[in-house]
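below are the sequence and a predicted model for it; my questions follow.
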Amino acid sequence: MSEAPALAIENVSKNFGGLRVARDVSLNLPVGARHALIGPNGAGKTTLVHMVSGLLPPSAGTLRLGGVDITHMAAERRVGLGLARTFQISSLFPHLTVAENIGLAFEAKHGLDRRIWGNTAKHAEIVDGAAALLQKLGLLELAARRIVDLPYGQRRLVEIALVLALEPKTLLLDEPAAGLAAAERGALLDLLLRMPEGLSILVIEHDMSLVFRLAQRITVLVEGAILIEGTVGEIRADPRVRDIYLGSRHHG
Amino acid sequence: MLKLAATFVALLVDGVAYAMILFLMSVGLTITLGVMRIANLAHCAFAMIGGYMAFALVSSGYFSLFTALPLAVAGTMILGALAERSVYRWVYTTGQLGQILMTLGLVFIVVATGNLFFGSNLHAIGLPDWLNGSFSWDAIAISAYRTFIIAVSVAIALVCWAILEFTDFGARLRAAVDNPRMARCIGIDVPRVFSITFSVGCGLAAAAGVLGTQIMPLEPWYAFEYLVPLLMVVAVGGLGSLKGSFYAALMLGIIDTFGRYYLPAAGAFVIYLAVVALLLWRPQGVFARASA
Amino acid sequence: MTTPADQQVADRQVIETTRAGFSRHVFSWLDLLPFVFAALVYFFLGRYLALGTQVMIQIAFALSLDLALGYGGIDSLGHVAFFGMGAYAAGLFALYVSSEPISGLAAAAVLGAITGLITGPLVLRTRGLTLVMLTLAVATMLQELANASAMKPITGGADGLFGFKIAPVFGVFSFDLRGHTGYWYALGVVAFVFFTCKAVVNSPFGLAIRGIRENPVRMRMLGVNVTARLVTLYCISGALAGIAGGLSAQVTKLVGLDSLGFLLSGNALVMLILGGTGNLYGAIIGAIIFVVLSDRAAAIDPFNWLFAIGAVLVLAVRFAPQGVVGLIEQAWRRQRMRRAR
């Protein structure tokens, strides 16, 4: 008896007027899988993630999260079903502190965002949870710093902490390594490899070394359509993939 | 029966004339809001400035309504161009709330200046005799003045349309309205197109102010008085859509006039209820195109 | 080798460090300052007691607008709608139900909240310029409704509501003609409004609202129903604005069409730009500056005063968009940086 996949993208297409950004894309993400989505810029990878997370409605096709049809479901309800995502450009709360950013994630998770009384800082679910997570990820000294005052690499890390706070079942990562220095990439990969086994991850990336070490299966998207899909070994060996990328390491 | 028709026609003419004044005023504003996304609450003030300029010229005794009109329009266009190059540079750089507050401040300044020069009484520009009468068939009488307003407004609207459709500048403006970023990418100098359009928009507003003084008399608070109806026309018509504000102005002008006459108990409430309902149904504007 | 006691201390430190990241809006002794000031000023006001009361009414209104606009990012040009609904509610309550003042204010708050509940879900689904225009349209619609001849028996039309009596506060302090009771009553109400705003802002809901203002998409991707939270904020703000309107009605014993007029919305916006948005103190400072100045200057020369406000608005947005509080904060930060060197 097989359980429903964490995420099922079934024949999804997206058109903007005459422009076809996604053509009949299908992808299966089993529970606990690590799946990478690669392809040249403009291939439609981020559009696909927008459709899965609920920020863009598909023109055709079906999306299922853990077997539940989410094709027309509001984004916030999908998060309630265990979906979380990061953005190409870190999407945080710029003028709030790191602690407040993480605290908001815990607030949302426990449904405390409706609570109109009581001091935020006195809610143990929020503060203790944020404290533990900040310490675990080594972000504790930054607790009182505002996001606008942080360098790019640290903001990336805060965003990862933010989504982890939600304890998601399915995680969508949109180019998590973009703009990071080599050492930071190493730390990121470490973090991703240590993620809980039951967590299913779909990651968009250009950094091939990270992709080959993290992913089990890879889907290659070109001009909105799937070129091939297979295991890491199959993709590495395929000459068409090498043709698309002029060399496998083009992000320094 | 004839009396009913007479009333109906009179109301229709009234409503359309009022609508045309609003439309002329709205042209500049809808482009400002649609292209540069600037919340310019001071637009109605330019209509007032034009109206007062013409009033001053006519009061001097050397000008008539017709000779004062082009001068007032030109004067307001120059003033608009100067303002656009100076104060409005500040307006461009702030966020939405800042734009609202700044342009609101400009309105206050214009209102105070209006009172300084012209006092707080109502003023209207005197009409030549042949505009004072009406055309009549049997019991149906149509005000010559309102007919004149409608005729001139439609003529101006057609000229605007022709410029948009057939000239190079028009094509560039349409591109800028449709997609400012893309227009810039293909080499259209959007800021310059906008500066010219802003100035012309002020001129059109001035024309509206000058032509309409008999139904919308001049007074210092004029810049506020008609701001809300103007904003409603632009919002319902769709920001950046000239055709939209034309139809929206017609709709609102007619509903307002008929509403006030047939439902006096409800007064102007009807028109605002209609606006709220329309904006809720189609937030991007009832007549806006479904473009990106 | 860390003992369990050491571990506990370390854990507590971790939590304290984290808690320090939250502490920007807690209650402090600073919050009592304006009210102590208002109490002291009472003894020096003399003939200007009515002005002082008017200042407090506008402080309450500005606070309610700061909640919606400064914290929630709802650019509302029509906030006077709530004020006016509250004013008419209090007036009608005094005329037809009971002249007891506090229940009158409760009625005003309820009507303000209901207005927010009805218009909120509709208006708050839109954003940007459409939102601004909608708030303006709704407020104008309500003013026209109050003016409509069909409503004259209820609202009094252009004449408004007048001649209603207000019973003594708590049954003891009756409203005198000099305005003494009115002043203290207003002070109490403003204190209530202020501390309610504080409580809301300090709460988890308050943090969520700030989050929505900073990045609504991210809030949605945390699973929060953004529109629902904004509607709640709108209702709270509406209730508080309604209380301000009700207070105005009870103190002046007059409710006219101008309690639904755009001028009040515009004035409140000027107060917020003068004082600073998003921190509640700015609303207090801005209201004091604006009401006092406009009272004095308008008495001398109303139209030149208008010119001055216009110029101040343009210059303030350009050079001091965060208002007086912003300037103080900037100076403070520069001092701290200088000391750090």
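All right, it came through fine.

for chain C, what lies in contact range of chain A?
Listed as neighbours of chain A in chain C under the rule Cβ under 8 Å from any Cβ of the partner chain: C:14-15, C:17-23, C:26, C:199-200, C:202-208, C:210-211, C:214-215, C:217-226, C:229, C:232, C:236. For glycine as for every other residue, the C-beta is placed from the backbone atoms N, C-alpha and C.

gap between C:Met271 and C:Leu45?
Note on C:Met271: its distance to C:Leu45, by Cβ to Cβ, to the nearest Å, is 20 Å.

list phi and psi for A:Thr231.
Here is the backbone geometry of A:Thr231 (degrees, to the nearest 10): phi -70, psi 170.

for beta bridges, what are the partners of it?
A:Arg217 (DSSP bridges).

that one - how many residues pack around it?
By other Cβ atoms under 10 Å in any protein chain shown, 12 other residues sit near A:Thr231.

pLDDT wise, what is it at?
As summarised for this prediction, A:Thr231 has a pLDDT of 91.

circling back: who has more neighbours, C:Met271 and C:Leu45?
Between C:Met271 and C:Leu45, counted using other Cβ under 10 Å, C:Met271 has the larger neighbour count: 29 against 16.

now do the same for the one helix or strand B:Met25 maps to: mean pLDDT, whole number.
Per DSSP states H and E: B:Met25 is located in helix B:2-35. When pLDDT is averaged over helix B:2-35, the result is 87.

just stretch A:177-192 next, same as before
88.

residues of that stretch that come out buried?
Residues A:Ala177, A:Ala178, A:Leu180, A:Glu184, A:Arg185, A:Ala187, A:Leu188, A:Leu189, A:Leu192 are the ones in stretch A:177-192 that count as buried (16 or more other Cβ atoms under 10 Å in any protein chain shown).

alpha carbons of it, as CSV, please.
Extracted in CSV, the C-alpha atoms of stretch A:177-192 (Å, rounded to 0.1, in the frame of the first residue of the first chain):
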residue,chain,number,x,y,z
ALA,A,177,22.3,29.1,-2.8
ALA,A,178,22.0,32.1,-5.1
GLY,A,179,24.3,34.9,-4.1
LEU,A,180,26.1,32.9,-1.4
ALA,A,181,29.8,32.7,-1.0
ALA,A,182,31.5,29.3,-1.2
ALA,A,183,31.7,28.8,2.6
GLU,A,184,28.1,29.8,3.0
ARG,A,185,27.1,27.3,0.3
GLY,A,186,28.9,24.6,2.3
ALA,A,187,27.0,25.5,5.4
LEU,A,188,23.7,25.5,3.5
LEU,A,189,24.3,22.1,2.0
ASP,A,190,25.1,20.8,5.5
LEU,A,191,21.9,22.2,6.8
LEU,A,192,19.8,20.7,3.9
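
contacting residues around it?
Residues from elsewhere that reach stretch A:177-192, judged by Cβ atoms under 8 Å, 6 or more residues apart in numbering or on different chains: A:88, A:137, A:152-153, A:156-157, A:160, A:173, A:176, A:201, A:203, A:205-207, A:210, A:213-214, A:251-252.

what about these, which are in helices?
A:Tyr152, A:Gly153, A:Arg156, A:Leu157, A:Ile160, A:Leu210, A:Arg213, A:Leu214 (DSSP state H).

could you pick out the buried ones from those residues?
Using 16+ other Cβ under 10 Å as the burial test, the ones in helices among the contacts of stretch A:177-192 include A:Gly153, A:Arg156, A:Leu157, A:Ile160, A:Leu210, A:Leu214 as buried.

in a markdown table: the residues you listed, plus pLDDT and distance to chain B.
Compiled in a markdown table, these are given as follows (pLDDT from 0 to 100; distance: Cβ to the nearest Cβ, whole Å):
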| residue | pLDDT | distance to chain B |
| --- | --- | --- |
| A:Gly153 | 88 | 29 |
| A:Arg156 | 91 | 27 |
| A:Leu157 | 91 | 29 |
| A:Ile160 | 93 | 30 |
| A:Leu210 | 90 | 33 |
| A:Leu214 | 91 | 36 |
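
burial of residue 154, as a residue count?
Just so you know, I chose chain A. For A:Gln154, the count of nearby residues is 17 (other Cβ under 10 Å).

the intended chain is chain C.
Residues within reach of C:Ile154, counting by other Cβ under 10 Å, total 13.

farthest-apart pair in the ones in helices among the contacts of stretch A:177-192, please.
A:Tyr152 and A:Arg213 (22.7 Å; Cβ to Cβ).

look at residue 125 and report its pLDDT.
All of this is about chain A. 85.

switch to chain B, please.
pLDDT, B:Ile125: 83.

now it, nearest residue through space, not along the chain?
The spatially closest residue to B:Ile125, leaving aside those adjacent along the chain, is B:Thr213, at 4.6 Å (Cβ to Cβ, 6 or more residues apart in numbering or on different chains).

helix/strand/coil for the one you found?
coil (DSSP: H, G, I helix; E, B strand; the rest coil).

residue ranges in the stretch 101-250 of chain B under the pLDDT threshold?
B:138-139 (pLDDT under 70).

do the same with chain C
C:1-2, C:23-26, C:341.

in the stretch 151-300 of chain C, what residue spans correspond to strands?
Assigned by DSSP state E, counting those that start in this stretch, the strands in the stretch 151-300 of chain C fall at C:161-162, C:254-255.

deepest-packed of those strands, please.
strand C:254-255 (a mean of 24; mean count of other Cβ atoms under 10 Å in any protein chain shown).

ok, that strand: who's next to it in the sheet?
Strand pairing for strand C:254-255, determined by DSSP bridges: strand C:161-162 (antiparallel).

look up how far chain A lies from B:Ala54.
B:Ala54 is 46 Å from chain A, where distance means Cβ to the nearest Cβ, to the nearest Å.

quick one: that residue and B:Ala72 touch, right?
Yes - between B:Ala54 and B:Ala72 there is a contact under Cβ atoms under 8 Å: 3.8 Å.
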